[in-house]
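> I need the structure of the sequence given here:
(2 chains)
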Amino acid sequence: MSESIKVFVPRETSAVSLGADDVAVSIQSRSSDVAIIRNGSWGMCWLEPLVEVEVDGERIAYGPVTTDDIDDLFEADFLNGGEHKLKLGKVGDIPYLKNQDRWTFRRCGLIDPVSIDEYRANGGFEGFVAATKMGAAAVIEEVRKSGLRGRGGAGFPTGIKWQTVADAPADQKYIACNADEGDSGTFSDRMLMEGDPLCLIEGMMIAGLAVGANRGYIYLRSEYPITREIFGEAIQMARDSGWLSQNILDSGFDFDIDLHIGAGSYVCGEETAMLESLEGKAGVIRYKPPLPAIEGLFGKPTVVNNVISLASVPDILVQGSEKYAAYGVDRSKGTLAFQLAGNIKRGGLVEKAFGLTLRQLIDDFGGGTASGRKIRAVQVGGPLGAYFPENLLDTPLDYEAFIALDGLIGHGGIVVFDENVDMAAQARFAMEFCAIESCGKCTPCRIGSVRGVEVIDRIVADENRDGNLELLAELCDTMVDGSLCAMGGMTPFPVRSALKYFPEDFNRPPGPEK
Amino acid sequence: MINAYDKTAASELINEIGASPEMLVQILNAFVEKFSYISDEAIRHIADEVNLSRADVHGVVSFYHDHRTAPPGKRIIKICQAESCQAMGSNSLTAHAEKALGVSMHKTSDDGEVTLEPVYCLGNCACSPAIMIDSRVYGRVDAKRFDDLMARTKG
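Coordinates of the predicted model:
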């Protein structure tokens, strides 16, 4: 009996959004010798659906493949690596992938995301095994030494957060993973959870062991139905195979995870709003202090970490904190999964050590704009991040360098706009989005955002422009200084940057056309 | 599959998820999935089952965008309005959709065929603009692809 040919067709959202499901069905219907594996994405979204065929132990890629190409591909004998205009060669040789520093995403695209065997065969659960041998204190020390900072956006040192929870006396503690990835231009949490879900589960297990928590929650946004499906399967498999259970590996450590789904609220990505939502309530933010590390979920000490922070930990324990910390610059250690989005030719996920410039990412990896027109503005870090003009693209990607420019790296989302963008409209949208998504608890955010939209409308309409520009600056100050959380407190960042770098867009003669 | 409201099925759903206040958001999500919206009757029922006041349940329902309180059209079309999709023309796509479907944002067409809604990021930002039809995401949607998808997904 001849062995079937392995063909990989991603089950990941971007690939599926461009027809990967139909491509998989079409290939399978043409040949019974084919075993289709629904892998994660390598993150090269512009090549999706990226189909790979295993030939003599090598994976040969073709893409982007649509159902219209299938007849042609069979004719070209792609199952044996035949020549075809869509042939890309060995997937690992594609420069976009080859030039990355894959750490957290090293298995993403490679394995079947819902196979415990493949996960283990590629180093899976080795971090947890190491953690059981090292003990809790040594695990926290390793995470601290790695320099890992929260990848959700705030950049707080993960090791210090874990230490705080470990030191808090309590009968019950929790690990709460924030997978409410709401920033436009970001999708790394989704790709990790769709491509290597067990890695996140392992990261949560390690966090639980380190701080003394036996229960984890994942708060996943509702806009990610495929992620929910894949991750749900992964949790079930981890339970069935004894990785999420009692007395795991005879370590005396118990752990289980509940998956909660959000309900379309951006502010629930703020950690205390997320905790409220996990408790079944409206996602209204809490005053801090107390910090969630002291009084978090159900009033108990809780580690709230982003997906990527947690998923980076298993390999830190396996390969060592020094190796992780060797990546990056200054206080921005390790790698970040940057996401290239918006008007970009080669959009996708690029995991790189901190320190390269925005321009290197956008030009070398991204290939410039999709439209072919000149870049005018780049928003980094989601809807609360600043817009940068072309002449600041040589800024190195490092947390402190961005803070110095009144911006943020946030969760690593990079949205490119070409010269057709109207920056006054973008500033207005920042305020409008805040008005739509504000939880309503504090006045600067709830009312300030509504007034912000109105003031920008008056500026654009040339109603007392100077006076209204001054008013807008004051309003931004009030929101920054007086808001309780980042929603109201950082909405002025994109507004101020638009005013500072693109003043001409606020000074156009009024008129119906833009 | 969307079903008409059925109190027995609703009770089963609540008990399956867990009839406690901390599961309220999850219960409401499940109600939207099963019954397509949350009716006043459903709010009364959930309040009884999880031992909260109707005001408490209403407060949560009114907070979340997903917890719709009126029946939607047969198909729910969500068009991403966030920055990445804006950079790739989601504003003109939205204008096209409103015209092609004869319905404005947040509204259901008179014939009950479609509901058009904004969404703020589907996480498909490398393939903007993105839309969602019921629970399926589609990428790189221009006006022509939008029309094709509407024709293809028509029940």
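> rest of the way, CA atoms for contacts and neighbours
OK.
> so what's the residue nearest to the spatial centre of chain A closest to, chain neighbours aside?
The residue lying closest to the centre of chain A (CA atoms, centre = their mean) is A:Ser188, at 3.0 Å. Of all residues not flanking A:Ser188 in the chain, A:Ala337 sits nearest, at 6.5 Å (CA to CA, 6 or more residues apart in numbering or on different chains).
> how about the helices in chain B?
For chain B, the helices defined by DSSP state H cover B:7-17, B:24-35, B:40-50, B:54-63, B:83-86, B:90-101, B:143-152.
> can I get the ones you listed in CSV including distance to chain A and mean pLDDT?
As requested, the helices of chain B are arranged in CSV below (distance: least, CA to the nearest CA, whole Å; pLDDT from 0 to 100):
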stretch, distance to chain A, mean pLDDT
helix B:7-17, 11, 96
helix B:24-35, 5, 97
helix B:40-50, 11, 97
helix B:54-63, 5, 98
helix B:83-86, 4, 98
helix B:90-101, 11, 97
helix B:143-152, 11, 97
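> deepest of these, which one?
helix B:83-86 (a mean of 30; mean count of other CA atoms under 10 Å in any protein chain shown).
> pretty sure the residue nearest to the centre of chain A sits against A:Leu336.
No - assessed by CA atoms under 8 Å, A:Ser188 is found out of contact with A:Leu336, at 9.6 Å.
> show me the domain layout of the chain.
Answering for chain A, as no chain was given. Domain ranges of chain A: A:5-98, A:116-326, A:328-418, A:423-506, per automatic domain parsing.
> please refer instead to chain B.
According to automatic domain parsing, the ranges for chain B are B:7-63, B:75-152.
> if we can go back for a sec, which one, of the domains of chain A, ends up nearest to B:Gly139?
Closest to B:Gly139 of those is domain A:5-98 (CA to CA; 5.0 Å).
> quick one: end-to-end distance for the closest one.
In domain A:5-98, first residue to last residue: 25 Å (CA to CA, to the nearest Å).
> ditto for stretch A:392-409
14 Å.
> average pLDDT across that stretch?
Across stretch A:392-409, pLDDT averages out at 95.
> with stretch B:124-133 instead?
The average of the pLDDT scores along stretch B:124-133 is 98.
> that one and chain A in contact?
Yes - residues of stretch B:124-133 contacting chain A under CA under 8 Å from any CA of the partner chain: B:124-128.
> could you identify which of these has the most neighbours?
Among those, B:Cys125 has the most neighbours (other CA atoms under 10 Å in any protein chain shown), with 35 neighbours.
> phi, psi of the residue nearest to the spatial centre of chain B?
Closest to where the C-alpha atoms of chain B average out (CA atoms, centre = their mean) is B:Asp66, at 5.5 Å. Dihedral pair for B:Asp66: phi -70, psi -20, per degrees, to the nearest 10.
> how many residues are close by the closest residue to A:Asn80 other than its chain neighbours?
Counting by CA to CA, 6+ apart, A:Asn80 lies nearest to A:Val55, which is 6.0 Å off, once chain neighbours are set aside. With neighbours defined by other CA under 10 Å, the count for A:Val55 comes to 15.
> report the contact partners of A:Val55.
Residues near A:Val55 by CA atoms under 8 Å, 6 or more residues apart in numbering or on different chains: A:5, A:79-81.
> those into JSON lines, with extra columns for neighbour count and secondary structure?
Shown next, in JSON lines, are these (neighbours: other CA atoms under 10 Å in any protein chain shown; DSSP: H, G, I helix; E, B strand; the rest coil):
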{"residue": "A:Ile5", "neighbour count": "17", "secondary structure": "strand"}
{"residue": "A:Leu79", "neighbour count": "20", "secondary structure": "helix"}
{"residue": "A:Asn80", "neighbour count": "14", "secondary structure": "helix"}
{"residue": "A:Gly81", "neighbour count": "22", "secondary structure": "coil"}
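> of those, closest to A:Glu181?
A:Ile5 (36.3 Å).
> quick one: the strands in the stretch 301-450 of chain A?
Using DSSP state E, counting those that start in this stretch, the strands found in the stretch 301-450 of chain A span residues A:302-306, A:328-329, A:332-333, A:335-342, A:348-353, A:375-380, A:387-389, A:413-418.
> redo those strands as JSON lines? Include mean pLDDT.
Shown next, in JSON lines, are those (pLDDT from 0 to 100):
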{"stretch": "strand A:302-306", "mean pLDDT": "98"}
{"stretch": "strand A:328-329", "mean pLDDT": "94"}
{"stretch": "strand A:332-333", "mean pLDDT": "96"}
{"stretch": "strand A:335-342", "mean pLDDT": "98"}
{"stretch": "strand A:348-353", "mean pLDDT": "98"}
{"stretch": "strand A:375-380", "mean pLDDT": "98"}
{"stretch": "strand A:387-389", "mean pLDDT": "98"}
{"stretch": "strand A:413-418", "mean pLDDT": "98"}
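> A:Lys87 and chain B, how far apart?
Applying CA to the nearest CA, to the nearest Å, the value for A:Lys87 to chain B is 21 Å.
> residues near that residue, how many?
For A:Lys87, the count of nearby residues is 20 (other CA under 10 Å).
> pretty sure it sits against A:Tyr62.
Yes - using CA under 8 Å, A:Lys87 is in contact with A:Tyr62, at 4.4 Å.
> please tell me I have it right and A:Pro64 contacts A:Leu50.
Yes - in this structure, A:Pro64 is within contact of A:Leu50 by CA under 8 Å, at 5.5 Å.
> these two: which has the busier surroundings?
Taking other CA under 10 Å, A:Pro64 and A:Leu50 do not tie; A:Leu50 has more neighbours (27 against 20).
> residue contacts, the more buried one?
A:9-10, A:15, A:61-65.
> which residue, neighbours along the chain excluded, lies closest to it?
With CA to CA, 6+ apart, the residue lying closest to A:Leu50 is A:Gly63, at 4.6 Å.
> how far away is the one you found from B:Leu116?
A:Gly63 is 33 Å from B:Leu116, by CA to CA.
> compare those two (neighbour count), which wins?
Just comparing A:Gly63 and B:Leu116: by other CA under 10 Å the higher neighbour count belongs to B:Leu116, 25 against 17.
> that one pairs with what?
Here B:Leu116 sits in beta bridges with B:Ile77, B:Lys107, going by DSSP bridges.
> what pLDDT does the model give it?
Residue-level pLDDT assigned to B:Leu116 equals 98.
> A:Cys177: how many residues sit nearby?
Count around A:Cys177 with other CA under 10 Å applied: 28.
> doesn't it lie inside a helix?
No - under DSSP: H, G, I helix; E, B strand; the rest coil, A:Cys177 sits outside any helix and is assigned strand.
> any idea which helix or strand carries the residue lying closest to it once chain neighbours are set aside?
Among residues not flanking A:Cys177 along the chain, A:Ile218 sits closest, at 4.7 Å (CA to CA, 6+ apart). Using DSSP states H and E, A:Ile218 sits in strand A:215-220.
> how about the helices of the stretch 101-250 of chain A, start to end?
In the stretch 101-250 of chain A, helices defined by DSSP state H, counting those that start in this stretch lie at A:116-121, A:126-134, A:136-146, A:158-167, A:188-195, A:197-211, A:225-240, listed in chain order.
> reformat these as TSV; add mean pLDDT.
Listed next are the helices of the stretch 101-250 of chain A as TSV, based on pLDDT from 0 to 100:
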stretch	mean pLDDT
helix A:116-121	98
helix A:126-134	98
helix A:136-146	98
helix A:158-167	98
helix A:188-195	98
helix A:197-211	98
helix A:225-240	98
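> now the ones you listed as a markdown table including distance to A:Val480?
Shown next, in a markdown table, are the helices of the stretch 101-250 of chain A (distance: least, CA to CA, whole Å):
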| stretch | distance to A:Val480 |
| --- | --- |
| helix A:116-121 | 45 |
| helix A:126-134 | 41 |
| helix A:136-146 | 30 |
| helix A:158-167 | 25 |
| helix A:188-195 | 28 |
| helix A:197-211 | 33 |
| helix A:225-240 | 34 |
